[in-house]
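Visitor: Fold the following and give me the result.
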Amino acid sequence: MNATPRVLAVLDELLASVAPGRRGALWHLAEQGRELDANVVRLPPEAGVGEHQEDVLDVLLVVLAGEGSLRTGAGETLRLAPTEVVWLPRTSRRALLAGPEGLTYLTVHRRRPGLTVKPAVRAPAYEGGEAPCMLDLVCARCGRLSADRAPKFCSACGEAFPER
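Guide: Just a heads-up that it's a prediction; the model follows:
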């Protein structure tokens, strides 16, 4: 993992280069070994994200451009405008609707746990074969398979990997 801070995106340049009708993720954080996920999302005018609920993660939403509204599960409607920061707590219901100019926003949240290796049902002993080559990348505490080739800590539970 590269632990050196660096600039990953220049948002003004990114937003200026986007076609007006483009929808969806314009950018996402893709660095190996990260513990965060981040996305820049664009909704065209009057488009929306239907009501949904995130059960596991808190999400921070930062409005970058345009305007819109956020409807909460409690029936409240929050107006969204550039530079506003909204906390979407886990288990909260929400829906987004872009205004007449569209809505572009950044979301940041803890990275979702990756694939895990779970104990298999006991099968008859198998004689022979090659040893698993990725066992040193599996967290002993939670069973998550690390995306890093030389992990120091598990990105799911924080457990330290053994020194190599």
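
Visitor: Direction included, what does the strand ranked longest in the chain pair up with?
Guide: When secondary structure is assigned using DSSP state E, the longest strand within the chain turns out to be strand 93-110. Paired strands of strand 93-110, with direction, are strand 36-43 (antiparallel), strand 48-53 (antiparallel), strand 59-72 (antiparallel) (DSSP bridges).

Visitor: show me where pLDDT drops low in the chain?
Guide: 1-2, 113-136, 142, 157, 164 (pLDDT under 70).

Visitor: which stretches of it form helices?
Guide: In order along the chain, the chain carries the following helices (DSSP state H): 11-16.

Visitor: Contact partners for Glu46?
Guide: Residues in contact with Glu46 (C-beta atoms under 8 Å, 6 or more residues apart in numbering) are Leu97, Ala98, Gly99, Pro100. Where C-beta positions appear, they are placed from N, C-alpha and C, glycine not excepted.

Visitor: Give the buried subset of those as a ChimeraX selection command.
Guide: Here is the ChimeraX command that selects only those of those that count as buried (16 or more other C-beta atoms under 10 Å):
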select :97,98,99
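
Visitor: Distance check, Val49 against Leu64.
Guide: If you measure Val49 against Leu64 using C-beta to C-beta, to the nearest Å, the figure is 16 Å.

Visitor: Alright, that wraps it up for me.
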